[in-house]
Each structure stands twice: as C-alpha cells, then as structure tokens.
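**Student:** can't give you the sequence, but here's the structure:
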C-alpha cells in the first residue's frame, strides 16, 4: 500500500531509474523519477488534444474552416444565427475518431479541414472543435472545453473579433504553456460584414503583446520557394518532409520583430525576400512558456471538400505539390511538443546547458566536453566545448530519451 508522500511508478520506469542511478551516481534517484514522470506526462502523443475553433464565423461566406459538421444551418452576420446554410461544427467529429486507421480517407468527416484533422488523429492526437455556443476560457473549472485541456488551439480565419475576456484567456493560455496556430486571409476579406477581417482580428489580439508578429494588410497571390531551412525547429524540415514551396491564393504576409521577441522567426518568405522581416508568409515564436505559429493565407489548409453550398478548392494536397500538408503538419507537431525542458535541479538552477526544440544550447563559460549517452550508458556523442555560446542541432539522434552530462551534472533530454 502506498503511503502519503511516496512515489508509485510502473516497473519499467523503476528499471530506468535504477539504471540511471548506477550509471550516473551523481544523479539523485528522486530527480530521475521526476524527470521520467515529466517526460511521460508531457510528451506522450496519446495525451495531446487539438482544438479547432468554430465560433468566430470560420464558415461564413465561401469558407468552411471546420474539421467536421453534421448540419449546415448557420448564418453568420455580426452574430451567429440558426437561419442559414453554413456549416455548424460540433464538438466531436462523427463518425468517431477511434475508427480512423492509417488508410482512412479525409471524406470520413465533412469539412474543409477534415484532411488536416484526420492527419492529426493518425499522428496520435485527439481532435475536437469548439462550437459557436461554447465560450473561450482559460482556467475555468466549469467549462469542459477550457483551453487548459488542450495542447494546441487552431483558429483558421476568424471573422469575429475576440472579446476582451477571450483575448485575455488566449494569451494566458499561451503564456502558461499552450500553443496557438493563427491563420489569416487577405485584407478586405470580411466574410460576414462584421467590420473586421482576419488580419485586423489577429492584430487586435497581438497589439499589446511582445509576440513580435503582426499581420500586414495586404492581398496577393504567389508561388514562393523562399523557404528558410532551420532544422532545429522541425517546421521547414520535419516529420512530414521538407517544405520546398507554398502557394498563396489571395493571402497576406506578416512582419516579424526580433527586437520585441528574439525567438520569432520566419520560415516562408515572399520570393527573393528571405532577409526581409516585413515579407514573411509563415512565422513562429515562443511566448512565455508557450508557442505561436502564424500563417498568412487560409487556402493551404483547404482540402476541397466540405459544405456542399460552398465552392472549395484543394490547397492541402493539390496546390504546391503537397507542400502545404508538410508545412501544416510539421507546424502542428512542433506546436504539440511540450516546451518544458526536463532537467535536474542543479542544472536548472545554473542554466548552463539545455536542449530546446532538439537543439543543444550552452550560454555560460566552461571548457568541459558535453557528453550524450543513451539509456544503456553508451556514449553517443561528445561535443567539444570551446565557446561561451554553443548551439548544436541534435536532429541526427533517433527519437527517444538521452542523458546529457556536463561538468559532473546529469539530465535527461527528450529528442522528438
């Protein structure tokens, strides 16, 4: 029987704790347990829930930005009304996602984002939608769809402004470790005549923040091959492949500000503009303990099927030779990764060496080599440490848990 204050771990976890303690006597058993619990709790894809918003007129006009809708009875003006023919997305897609296999087609669900949603399920994630009747909250114990229950919140081309309360909830969610995927469309794309289109709505959310991203009020179509490869972020080159081009069909671009937020980066730029921070087509950033991705066009996620009343186009697979699927899924996987660095107490306090997004980073002085072992104690990599600042991608390592040793300290590092 377990007493108060005692630990309880599966047998295989105890074996790893014993192994780590024997291989590295300096690592305390309690720290090993904490690290394993953090890794298991925070990095398992089975625990990852993706929430797609359906309450900000995402199906207004000739748009159908939902994973699944069983009824088409919405009318989107400045307020939602049940008197029209637009998709009305429900919380749980039907049929149940438990029936999805590796060969399930996107037509399993009815929505222009169904392909994206089904790809998420095939990745091991759970998918839900936030209906128009559900509030956007963070920290509410009475809302079953409170943002705290989800790893990623995806909003594809909102056409209604977020309220002050909703903006606070979304930003607090990200600052506390959540991930937000912002998708915009071109300027003057107000589909429901509410007085605000998606670039204005996103800028209204971001204005008072230090995210370092702003949506430009532009409208253009362009096939861009200006992709900045940044292997450590796994977006330009990730699990779904290497992104080589994108096709905007009346979209906008972004301006990023590295002074405001040193973590913000552009991945896709307008042709010939890879050094121009005001001509970004896809960007990402860390904000607080969370992450944000920003896309300047709503066409790439469109799978060409959904509301029978709309004229939809296949941007997800047919456009850009399938690169949009790569970009969106690589970004989703990156957003869904936990941002907490699992380190032992001494290294956390000293902040000397850590691994972030599969990149090893050292910021303080010290000439000791950095050693990386697998869980059997085998030395996998030795990094000579000759500079005060070191940034080394670890994408050559297979996915799993490794042990990092530096100046007598040890910590576990997850590689995704």
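**Tutor:** Done, it's in. Everything numeric here is computed off the predicted structure, so don't read it as measured data.

**Student:** residues touching residue 274, list them.
**Tutor:** 226, 228, 266 (C-beta atoms under 8 Å, 6 or more residues apart in numbering). (Glycine included, C-beta is placed from N, CA and C.)

**Student:** Do you know the pLDDT at the last one?
**Tutor:** What the model reports for residue 266 is a pLDDT of 94.

**Student:** so is it in a helix, a strand, or just coil?
**Tutor:** strand (DSSP: H, G, I helix; E, B strand; the rest coil).

**Student:** that older thread, I'd like to know which of the contacts of residue 274 are buried.
**Tutor:** Buried members of the contacts of residue 274, scored by 16 or more other C-beta atoms under 10 Å, are 226, 228, 266.

**Student:** what residues are up against the first one?
**Tutor:** Under the criterion of C-beta under 8 Å, 6+ apart, the contact list for residue 226 reads 268-274.

**Student:** what do you get if the cut-off is 10 Å, keeping everything else the same?
**Tutor:** 245-246, 266-276, 279-281 (C-beta atoms under 10 Å, 6 or more residues apart in numbering).

**Student:** swap in residue 279?
**Tutor:** 216, 218, 224, 226, 253-256, 266, 268-273 are the contacts of residue 279 under C-beta under 10 Å, 6+ apart.

**Student:** Dump the buried ones among the contacts of residue 274 to CSV, plus distance to residue 117.
**Tutor:** Below are the buried ones among the contacts of residue 274 laid out as CSV (distance: C-beta to C-beta, whole Å):
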residue, distance to residue 117
226, 29
228, 28
266, 27
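
**Student:** And the helices in the stretch 1-150 of the chain, which stretches?
**Tutor:** 11-23, 29-43, 114-122 (DSSP state H, counting those that start in this stretch).

**Student:** Residue 412 against residue 405, yeah?
**Tutor:** No. Using C-beta atoms under 10 Å, residue 412 is not in contact with residue 405, being 11.1 Å away.

**Student:** So, low pLDDT: which residues of this structure?
**Tutor:** Along the chain, the model assigns pLDDT under 70 to residues 1-46, 230-233, 338-357, 359, 361-367, 385-391, 408.

**Student:** try 90
**Tutor:** Confidence mapping of the chain against pLDDT under 90 gives the ranges 1-47, 176-177, 228-234, 237-239, 258, 261-265, 285-286, 288-290, 337-416.

**Student:** Against which helices or strands is the top strand by length along it packed?
**Tutor:** Using DSSP state E to define each element, the chain has its longest strand at strand 80-89. Other helices and strands packing on strand 80-89, by 3 or more C-beta pairs under 10 Å, 6 or more residues apart in numbering; DSSP states H and E, are strand 69-76, strand 126-130.

**Student:** one more time with 7 Å
**Tutor:** With contacts taken as 3 or more C-beta pairs under 7 Å, 6 or more residues apart in numbering; DSSP states H and E, strand 80-89 sits against strand 69-76.

**Student:** Show me what counts as buried in the strand it packs on.
**Tutor:** 69, 72, 74, 76.

**Student:** Can you tell me which of these is nearest residue 327?
**Tutor:** Residue 327 lies nearest to residue 69 out of these, by C-beta to C-beta, at 24.7 Å.

**Student:** Kindly provide the distance from that closest one to residue 49.
**Tutor:** Distance, residue 69 to residue 49, using C-beta to C-beta, to the nearest Å: 20 Å.

**Student:** likewise residue 196?
**Tutor:** 29 Å.

**Student:** Number of residues surrounding residue 280?
**Tutor:** 28 (other C-beta atoms under 10 Å).

**Student:** If you could redo that for residue 290, that was the one I meant.
**Tutor:** With other C-beta under 10 Å as criterion, residue 290 counts 22.

**Student:** For it, what are phi and psi?
**Tutor:** Backbone geometry at residue 290, expressed as degrees, to the nearest 10, gives phi -110, psi -170.

**Student:** which ones are touching the residue nearest to residue 321 when sequence neighbours are not counted?
**Tutor:** If the residues on either side of it in the chain are set aside, residue 321 comes closest to residue 245, at 6.9 Å by C-beta to C-beta, 6 or more residues apart in numbering. The contact partners of residue 245, by C-beta atoms under 7 Å, 6 or more residues apart in numbering, come to 223-225, 320-321, 323.

**Student:** any chance of those in JSON lines, plus secondary structure, neighbour count and distance to residue 179?
**Tutor:** Shown next, in JSON lines, are the contacts of residue 245 (DSSP: H, G, I helix; E, B strand; the rest coil; neighbours: other C-beta atoms under 10 Å; distance: C-beta to C-beta, whole Å):
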{"residue": "223", "secondary structure": "strand", "neighbour count": "12", "distance to residue 179": "28"}
{"residue": "224", "secondary structure": "strand", "neighbour count": "21", "distance to residue 179": "25"}
{"residue": "225", "secondary structure": "coil", "neighbour count": "14", "distance to residue 179": "27"}
{"residue": "320", "secondary structure": "helix", "neighbour count": "23", "distance to residue 179": "24"}
{"residue": "321", "secondary structure": "helix", "neighbour count": "12", "distance to residue 179": "27"}
{"residue": "323", "secondary structure": "helix", "neighbour count": "22", "distance to residue 179": "22"}
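
**Student:** what's the most distant pair in these?
**Tutor:** Across the contacts of residue 245 (C-beta to C-beta), the longest gap, 13.0 Å, separates 224 and 321.

**Student:** For stretch 306-314, measure first residue to last.
**Tutor:** Using C-alpha to C-alpha, to the nearest Å, one end of stretch 306-314 lies 11 Å from the other.

**Student:** Now tell me what touches that stretch from outside.
**Tutor:** Here stretch 306-314 has contacts from 59, 62, 64, 72, 85-87, 110-112, 114, 299, 302-305, using C-beta under 7 Å, 6+ apart.

**Student:** For the spatially most central residue of the chain, grab phi and psi.
**Tutor:** With distances taken as C-alpha atoms, centre = their mean, residue 335 lies nearest the centre of the chain, 1.8 Å away. Per-residue torsions, residue 335: phi -60, psi -40 (degrees, to the nearest 10).
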